[in-house]
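Colleague: pasted the sequence and its predicted model underneath.
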Amino acid sequence: PSPAVPRPVVAAVRPAAAAAAAAAAAAAAARPVAAAPAQVASTSTSTSTSTSTSTSRPTLAAAPAPSGPRAAQRASVAAGLVWDSCLVTDAADHNQDTVLALQYCPALEGLPGGDGHGGWLISSSRRMLNLWECSAGGGRGTPSLMLLHSTETDFVATHLAAEPGSRVLFAASADHRTGVECVAVHSLDPEAGMLSLRYKLAVANPNMQRPTLPPGAPPPPRMLSKVGLGD
């Protein structure tokens, strides 16, 4: 009969027990495994075990734990935030279009808040602004975001900046028909109309000379230098 080819049995260990695991596994590799099926106990501090699928092949040592920059990188990733779940919004909530910008507000005057409340999230997509209520707790059965209000606009807003104290939302926008850029100012006041358009500021070269208006002509939009909110 052909000789048995060694096949590794990998046992997961924690970094703190890596040295002991390597020594124990090396000693086990020097002795043949008995003919009867056996269980190879992990040297991890946990109580989990793994069953070998071979009855006549030696057990090899587990790979040593990484050290140096690689180990530091893994430790940093492990210490970071871990998503328990990810909720996907209904595409119909934003006209089947991609969400372009988000703005979070811990509190908005006139809306529910206080201890245990998760705050408010504003999203923009093509010709649409949405206001979402955030849940600070709950589990898999509790939605983290709940759509509270939607407003259609004539713009495509790519950046948002909220000023809750002034109850306004600034949006770096472009007209959806012409592509002309502007700064759209929306309301964050529930009584005045949440997310309603208050006015828009034209984006123009600050060195451009303003035209002379005839008597009785309406004033032009306010002149601003080009801005990029949120960058």
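Modeller: Structure received.
Colleague: OK, contacts around the nearest residue to residue 105 once chain neighbours are set aside?
Modeller: Counting by C-beta to C-beta, 6 or more residues apart in numbering, residue 120 is the residue found nearest to residue 105 once chain neighbours are left out, at 4.7 Å. Using the backbone N, CA and C atoms, a C-beta is placed for each residue, glycine as well. By C-beta atoms under 8 Å, 6 or more residues apart in numbering, the residues touching residue 120 are 104-108, 111, 131-134.
Colleague: again, but for residue 131
Modeller: Residues counted as contacts of residue 131 (C-beta under 8 Å, 6+ apart) are 120-122, 147-150, 194-195.
Colleague: switch to 7 Å and redo it
Modeller: Contact criterion C-beta atoms under 7 Å, 6 or more residues apart in numbering gives 120, 122, 148-149, 194-195 as the residues in contact with residue 131.
Colleague: let me know the closest of the residues you listed to residue 184.
Modeller: Top of the list for closeness to residue 184, among the contacts of residue 131 and by C-beta to C-beta, is residue 195 at 10.4 Å.
Colleague: and that closest one, how far from residue 136?
Modeller: The spacing between residue 195 and residue 136, counted by C-beta to C-beta, to the nearest Å, is 23 Å.
Colleague: residue 159 too?
Modeller: Going from residue 159 to residue 136 by C-beta to C-beta gives 26 Å.
Colleague: and if you look at residue 212?
Modeller: Following C-beta to C-beta, the distance that separates residue 212 from residue 136 is 56 Å.
Colleague: what do you get for residue 216?
Modeller: When distances are taken as C-beta to C-beta, residue 216 and residue 136 turn out to be 55 Å apart.
Colleague: could I get the pLDDT score of residue 162?
Modeller: Confidence per residue is given as pLDDT, and for residue 162 that number is 95.
Colleague: same thing with residue 83?
Modeller: Note on residue 83: pLDDT of 58.
Colleague: again with residue 216
Modeller: At residue 216, the pLDDT value in this model is 84.
Colleague: which residues are in contact with stretch 183-197?
Modeller: The contact list for stretch 183-197, computed with C-beta under 7 Å, 6+ apart, reads 108, 110-111, 129, 131, 149, 151, 153, 155, 157, 162, 164, 167-173, 198-201, 203, 224, 227.
Colleague: related to what we said a few turns ago, of residue 216 and residue 136, which one has the most company?
Modeller: Ranked by neighbour count (other C-beta atoms under 10 Å), residue 216 and residue 136 place residue 136 first, with 10 against 5.
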